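In: The amino acid sequence is not available; the structure is as follows:
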């Protein structure tokens, strides 16, 4: 049995409307597109655009999926940063942490691996090594997964090269 917060009127109309209304109102207030102290105009424009947004189905579905992804990414990042804080022990007065150098990189790598395993476990993909192997190589979406995986690896590699001097000019 669903409660009031899970009612379809709330999830299909009220929540998306409020999300679009408040985000757009904040953007209009911050940018002063219509001028300073035009709260009524900003609110009316936000109201109309929010109502138009709620009346269309496909943008609502996209926004809902993106918000779900955002929430999950924030929770995963929060858990990772919380565990990292426990591992490093925080900073002392000199700005030094308990771990430094290679030890922090090793523990950071282990933390990322543990987060990936935890996400697999939480999503129900903890089918043992055979299940994970089948999912990664023999399922319908495995070729799409590996294509996206290698694309992300290439982009991350290019960013790392750009940040750490792979493309810097020599003096």
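Out: Everything's here; your move. All of these numbers come straight from a predicted model, not from anything done at the bench.
In: mind listing what's buried in stretch 51-60?
Out: Residues of stretch 51-60 classed as buried by neighbour count (16 or more other Cβ atoms under 10 Å): 53, 54, 60. The C-beta positions use only the backbone N, C-alpha and C, and glycine is treated the same way.
In: what number of residues lie near residue 111?
Out: Using other Cβ atoms under 10 Å, residue 111 has 17 neighbouring residues.
In: Centre of the chain to the host helix or strand of it, how far?
Out: According to DSSP states H and E, residue 111 maps onto helix 102-122. Here the centre of helix 102-122 is set off from its chain's centre by 17 Å, with Cα atoms, centre = their mean, to the nearest Å.
In: other SSEs contacting it?
Out: Helix 102-122 sits against helix 57-88, with contacts defined as 3 or more Cβ pairs under 8 Å, 6 or more residues apart in numbering; DSSP states H and E.
In: how much does the helix it packs on deviate in direction from helix 102-122?
Out: Angle of helix 57-88 versus helix 102-122, following axes from the mean of the first three to the mean of the last three Cα atoms, to 10 degrees, is 140 degrees.
In: got the buried residues for the helix holding residue 111?
Out: Using 16+ other Cβ under 10 Å as the test for burial, helix 102-122 gives residue 111.
In: again with stretch 17-36
Out: Of the residues in stretch 17-36, those buried (16+ other Cβ under 10 Å) are 17, 19, 20, 21, 24, 25, 28, 29.
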